[in-house]
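Colleague: I'll drop the sequence and a predicted model, then ask my questions.
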Number of protein chains: 2
Amino acid sequence: MALPTLSSRDKILDVAEALFARRGFEGVGMREIATAAGLGKSSLFHHFRSKPQLYYEVLGRVIERLHDRLAPVVASHSGSIEKLDRLIDVLVDALAEQPTTARLLLRALFEEDATAHDQLPEAIKCEQVLADTLEGIQRLLREGVDAGVFRSVSVAHTVQTLIGATVYHFASGELGDGLLGRPLLSAEAVSRRKEELHNLFHHGLVVRPA
Amino acid sequence: MALPTLSSRDKILDVAEALFARRGFEGVGMREIATAAGLGKSSLFHHFRSKPQLYYEVLGRVIERLHDRLAPVVASHSGSIEKLDRLIDVLVDALAEQPTTARLLLRALFEEDATAHDQLPEAIKCEQVLADTLEGIQRLLREGVDAGVFRSVSVAHTVQTLIGATVYHFASGELGDGLLGRPLLSAEAVSRRKEELHNLFHHGLVVRPA
DNA sequence: GTCTATACTACGATAGAC
DNA sequence: GTCTATCGTAGTATAGAC
């Protein structure tokens, strides 16, 4: 019963998200998005002024979804190790549940054509929420280092490693499937990914009292 | 004195590599490549039959460059820890010296339009060389695990982490620059990246005798 | 809010002169 | 080996009827 009668706008955002994730900003046409949403091309331009604006609204939704799941973790009052474990779990689950997220985020790093329109309010919103999310992760790591729980690593480099280990992993598609010998998004592969990352960072980041 | 009179073909491959790395397969037009190489569009089609063929020749060159640098490392007869360190150093240096490599490789995971042409001989060559390179890395890790030098990790997951930690890192562009507070490709950032990765994997992967 | 029709530009690719 | 000219298609975006 409610399938809550998705508005045209939300329907468009959904199909655009899937298409942009698969083929990128340049690879998708407004016509294709419109017909996939069951509309004419001109109706699409009624809902979104331009292609870059639509793209950044799609990207903004994705970043916000991620932000909303990670924010409680970094704001929680547990120890640094528990927080890191929880961060990994939540991040991996989020990327696994929404398979478009990882690719859309990685693509966003590259798409210079969209970056050419980064004065758009939708683009600025994206950057702000992303920056806030990254700051939270950095804070989590910085607190662990300051408390002597983590080694005195470079926080920035560790964030990069963490992104690579999660976002890249779930964006790696057929290459990842081939390496693992099973689908990246299968339940076993997802829980194994968490386990491997927990182990890597427990051994690699946490200071063991001799 | 030689500037060795770059052939038209090589000149085209160079400019196409730069453009594909920046804007992807769909984002670059044959016309743009031609004029950037100092040719007319039709002359470009004389050297390369189609856009996908040109793309895969560019990608193949990049993958082979990487393969040629990594092959001696995985074939060498040193210990697993030394090999891993050397692998990290060579990989990081290669990605830092050729800034197009990381983006081109990551993009190649996504570009489905090019993947639609994966029956091309140039595409098959790419896949073979890449597979060979990845097998070498897997062998390196497997040997370390079997020798009891490395923890009994999933080799496939560790390869994924290694790729993320290097290829993603050097493809991360402005985001990475912002996190590090300096250019990703600066000498300090590059040598710091090696150091951080050495430390992470020494602590996180190598078995310490108690 | 959705449609048809249209304007204009760029795309990949080909033909044929030089 | 490079050029001009051209084909057919598809791109973003707009105007205006319903």
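Modeller: Arrived safely. Numbers count the residues shown, from 1 in each chain, chains lettered A, B, ... in the order given.
Colleague: quick one: the residue of chain A found nearest DNA strand D and A:R23, what's the gap?
Modeller: Nearest to DNA strand D in chain A, going by CB to the nearest atom of the strand, is A:G29, at a distance of 2.6 Å. The way it works is simple: take the backbone N, C-alpha and C, and place the C-beta from them, glycine included. Going from A:G29 to A:R23 by CB to CB, to the nearest Å gives 10 Å.
Colleague: so between those two, which is more surrounded?
Modeller: A:R23 (21 against 13; other CB atoms under 10 Å in any protein chain shown).
Colleague: for chain A, which segments count as helices?
Modeller: For chain A, the helices defined by DSSP state H occupy A:8-27, A:30-36, A:41-47, A:51-75, A:80-97, A:100-110, A:112-115, A:121-146, A:155-163, A:169-171, A:173-180, A:187-205.
Colleague: okay, these in JSON lines with distance to DNA strand C next?
Modeller: Listed next are those as JSON lines, based on distance: least, CB to the nearest atom of the strand, whole Å:
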{"stretch": "helix A:8-27", "distance to DNA strand C": "4"}
{"stretch": "helix A:30-36", "distance to DNA strand C": "7"}
{"stretch": "helix A:41-47", "distance to DNA strand C": "3"}
{"stretch": "helix A:51-75", "distance to DNA strand C": "13"}
{"stretch": "helix A:80-97", "distance to DNA strand C": "28"}
{"stretch": "helix A:100-110", "distance to DNA strand C": "17"}
{"stretch": "helix A:112-115", "distance to DNA strand C": "11"}
{"stretch": "helix A:121-146", "distance to DNA strand C": "18"}
{"stretch": "helix A:155-163", "distance to DNA strand C": "31"}
{"stretch": "helix A:169-171", "distance to DNA strand C": "24"}
{"stretch": "helix A:173-180", "distance to DNA strand C": "23"}
{"stretch": "helix A:187-205", "distance to DNA strand C": "36"}
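Colleague: if we can go back for a sec, so for the residue of chain A closest to DNA strand D, what pLDDT did the model give?
Modeller: A:G29 is assigned a predicted lDDT (pLDDT) of 96.
Colleague: got it, and A:A210?
Modeller: Value listed for A:A210 in the pLDDT field: 62.
Colleague: again with A:R193
Modeller: Model confidence at A:R193 (pLDDT) stands at 98.
Colleague: for it, which non-adjacent residue is closest in space?
Modeller: Nearest residue to A:R193 in three dimensions, chain neighbours excluded: A:V92, at 5.7 Å (CB to CB, 6 or more residues apart in numbering or on different chains).
Colleague: circling back to that earlier point, quick one, which of the helices of chain A is packed in tightest?
Modeller: Mean neighbour count (mean count of other CB atoms under 10 Å in any protein chain shown) peaks for helix A:169-171 among those, with a mean of 27.
Colleague: the lowest-mean-pLDDT helix or strand in chain A packs against which elements?
Modeller: Least confident helix or strand of chain A, by mean pLDDT, DSSP states H and E, is helix A:112-115 with a mean of 77. With contacts defined as 3 or more CB pairs under 8 Å, 6 or more residues apart in numbering or on different chains; DSSP states H and E, helix A:112-115 has these neighbours: helix A:8-27, helix A:51-75, helix B:8-27.
Colleague: in a markdown table, list those along with distance to B:P72.
Modeller: Below are the helices and strands packed on helix A:112-115 laid out as a markdown table (distance: least, CB to CB, whole Å):
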| stretch | distance to B:P72 |
| --- | --- |
| helix A:8-27 | 35 |
| helix A:51-75 | 40 |
| helix B:8-27 | 24 |
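Colleague: go through the ones you listed and name the closest to B:R69.
Modeller: helix B:8-27 (16.7 Å; CB to CB).
Colleague: alpha carbons only: can I get that closest one in CSV?
Modeller: The C-alpha trace of helix B:8-27 is given here as CSV (Å, rounded to 0.1, in the frame of the first residue of the first chain):
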residue,chain,number,x,y,z
SER,B,8,51.8,11.7,-35.6
ARG,B,9,50.6,8.5,-34.1
ASP,B,10,52.5,8.9,-30.8
LYS,B,11,51.6,12.5,-30.6
ILE,B,12,47.9,11.5,-30.9
LEU,B,13,48.3,8.9,-28.3
ASP,B,14,49.8,11.4,-25.9
VAL,B,15,47.2,14.0,-26.3
ALA,B,16,44.4,11.5,-26.2
GLU,B,17,45.8,10.0,-23.0
ALA,B,18,45.8,13.4,-21.4
LEU,B,19,42.2,14.2,-22.5
PHE,B,20,40.7,10.8,-21.7
ALA,B,21,42.2,11.0,-18.3
ARG,B,22,40.7,14.4,-17.6
ARG,B,23,37.3,13.9,-19.1
GLY,B,24,36.7,10.3,-19.9
PHE,B,25,35.7,8.4,-23.0
GLU,B,26,32.4,10.2,-23.5
GLY,B,27,33.7,13.6,-22.5
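Colleague: re the thing from before, out of the helices and strands packed on helix A:112-115, nearest to A:R182?
Modeller: Comparing the helices and strands packed on helix A:112-115 by CB to CB, helix A:8-27 comes nearest, at 21.2 Å.
Colleague: and the closest one, anywhere near DNA strand D?
Modeller: No: Helix A:8-27 stays clear of DNA strand D (CB under 7 Å from any atom of the strand), getting no nearer than 8.2 Å.
Colleague: kindly calculate the angle that that helix makes with helix A:51-75.
Modeller: 100 degrees (axes from the mean of the first three to the mean of the last three CA atoms, to 10 degrees).
Colleague: would you tell me which residues of chain A are close to DNA strand D?
Modeller: Counting by CB under 7 Å from any atom of the strand, the positions of chain A adjacent to DNA strand D are A:28-32, A:41-42, A:45, A:49-52.
Colleague: sketch out the low-pLDDT regions of chain A for me.
Modeller: The model of chain A has pLDDT under 70 over residues A:1-4, A:210.
Colleague: residues in contact with the spatially closest residue to A:V28 that is not a sequence neighbour?
Modeller: Among residues not flanking A:V28 along the chain, A:L19 sits closest, at 4.5 Å (CB to CB, 6+ apart). Applying CB atoms under 8 Å, 6 or more residues apart in numbering or on different chains, we find A:L19 in contact with A:28, A:32-33, A:36.
Colleague: do A:E196 as well
Modeller: So A:E196 contacts B:153-154, B:157-158, B:161 (CB under 8 Å, 6+ apart).
Colleague: quick one: which of the residues you listed is nearest to A:L59?
Modeller: Using CB to CB, the contacts of A:E196 come closest to A:L59 at B:T161, 25.8 Å.
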